[in-house]
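Asker: generate coordinates for the sequence data below:
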Amino acid sequence: MSKALVQFLSQYHYLGYRRPVGEQLHYLVLARARPVACLGWSSAARQLDLRDEFIGGSPAQRRRYLHRIAYNTRFLIPPWE
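Answerer: Model (predicted):
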C-alpha cells in the first residue's frame, strides 16, 4: 500500500487506518492529480453468523465459495469534494 494512501486514510477517515489482514485491494482515485476517493477491500472473515444466514446454503458450500466474498474495509470521499 502506498504511503499516500495510508496518510490519506489516517488523516481523513473517521476510523483512521489499520493494516488489513489477509488479501487486500486498495484504490486511490485521482482527478487531475488530486485525490477524490479512497476504496479498500480485504478477504472475508471465515465465519460471520448474520452474513452466513443471509447467504444461506450448507456450511460446506459457504466454505467452498468464501473466496468470492470481499469485505469493504474503507470507503472515503475527502471533505473537499
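Asker: give me the element A37 is part of.
Answerer: Using DSSP states H and E, A37 maps to strand 34-43.
Asker: R19 belongs to a helix?
Answerer: No - assessed with DSSP: H, G, I helix; E, B strand; the rest coil, R19 is coil; it does not lie in a helix.
Asker: rewinding a little: elements contacting the strand holding A37?
Answerer: Judged by 3 or more C-beta pairs under 8 Å, 6 or more residues apart in numbering; DSSP states H and E, strand 34-43 is in contact with helix 3-12, strand 24-31, strand 70-76. No exception for glycine: its C-beta is placed from N, CA and C like everyone else's.
Asker: pairing partners for it, with directions?
Answerer: Here strand 34-43 has these sheet partners by DSSP bridges: strand 24-31 (antiparallel), strand 70-76 (antiparallel).
Asker: how about that strand: buried residues?
Answerer: P35, C38, L39, G40, W41, S42, S43 (16 or more other C-beta atoms under 10 Å).
Asker: and what of stretch 16-24?
Answerer: Going by neighbour count (16+ other C-beta under 10 Å), the buried part of stretch 16-24 is Y17, P20.
Asker: for it, give the mean pLDDT please.
Answerer: Computed over stretch 16-24, the mean pLDDT rounds to 82.
Asker: what sits against the nearest residue to Q24 once chain neighbours are set aside?
Answerer: Distance criterion C-beta to C-beta, 6 or more residues apart in numbering; nearest residue to Q24, sequence neighbours excluded, is S42 at 4.9 Å. Counting by C-beta atoms under 8 Å, 6 or more residues apart in numbering, S42 makes contact with P20, V21, G22, E23, Q24, L25, A70, Y71, T73.
Asker: 10 Å - rerun?
Answerer: By C-beta atoms under 10 Å, 6 or more residues apart in numbering, S42 lies in contact with 19-26, 70-74.
Asker: and these, which is closest to E53?
Answerer: Checking the contacts of S42 against E53 by C-beta to C-beta gives Y71 as the nearest, at 16.7 Å.
Asker: my read is that the closest one contacts R46, right?
Answerer: No - using C-beta atoms under 10 Å as the test, Y71 is too far from R46 to be in contact (11.4 Å).
Asker: who's more crowded, those two?
Answerer: Each of Y71 and R46 has its neighbours counted (other C-beta atoms under 10 Å); Y71 has more, 16 against 10.
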